[in-house]
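In: got a sequence here, can you build the structure:
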Amino acid sequence: MAAPAMSFNYLYVSDARGLSTFSPTLERVNTYQVEGGGISSPTIAANGTVYLIAGGRLYAFPRNN
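Out: Here you go, the predicted model:
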């Protein structure tokens, strides 16, 4: 598991399955499965897009509202 990333409203965690999003109360909001799992810490862009490297690819996930 890589280091998590935190935005104002969400915690993003990369693990062997992909990317999971948690609320401030640590309830799971979303899980995005990606081939090869997340090998990098999630990165959050200024517009809220979350980026993750997995399986040699760069993935972009929309921000949660």
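
In: so where's the chain shaky on pLDDT?
Out: 1, 65 (pLDDT under 70).

In: which residues of it fall in strands?
Out: Secondary structure of the chain, counting by DSSP state E: strands at 5-6, 11-15, 18-22, 28-33, 43-44, 50-54, 57-61.

In: adding mean neighbour count, write those strands out as a markdown table.
Out: The C-beta positions use only the backbone N, C-alpha and C, and glycine is treated the same way. Output for those, formatted as a markdown table (neighbours: other CB atoms under 10 Å):
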| stretch | mean neighbour count |
| --- | --- |
| strand 5-6 | 16 |
| strand 11-15 | 20 |
| strand 18-22 | 20 |
| strand 28-33 | 13 |
| strand 43-44 | 15 |
| strand 50-54 | 20 |
| strand 57-61 | 13 |
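
In: tell me the contacts of Leu26?
Out: By CB atoms under 8 Å, 6 or more residues apart in numbering, the contact set of Leu26 is Leu11.

In: look through the protein and report the residue furthest from the middle.
Out: Within the chain, the residue lying farthest from the chain centre (CA atoms, centre = their mean) is Thr25, at 16.7 Å.

In: residues near Ala45, how many?
Out: Ala45 has 10 neighbours, counted by other CB atoms under 10 Å.

In: that one against Tyr51, yeah?
Out: Yes: applying CB atoms under 8 Å, one finds Ala45 in contact with Tyr51, separated by 6.8 Å.

In: what about the nearest residue to Ala54 once chain neighbours are set aside, neighbour count?
Out: Leaving aside its chain neighbours, Ala54 sits nearest to Val34 (4.3 Å; criterion: CB to CB, 6 or more residues apart in numbering). Residues within reach of Val34, counting by other CB under 10 Å, total 18.
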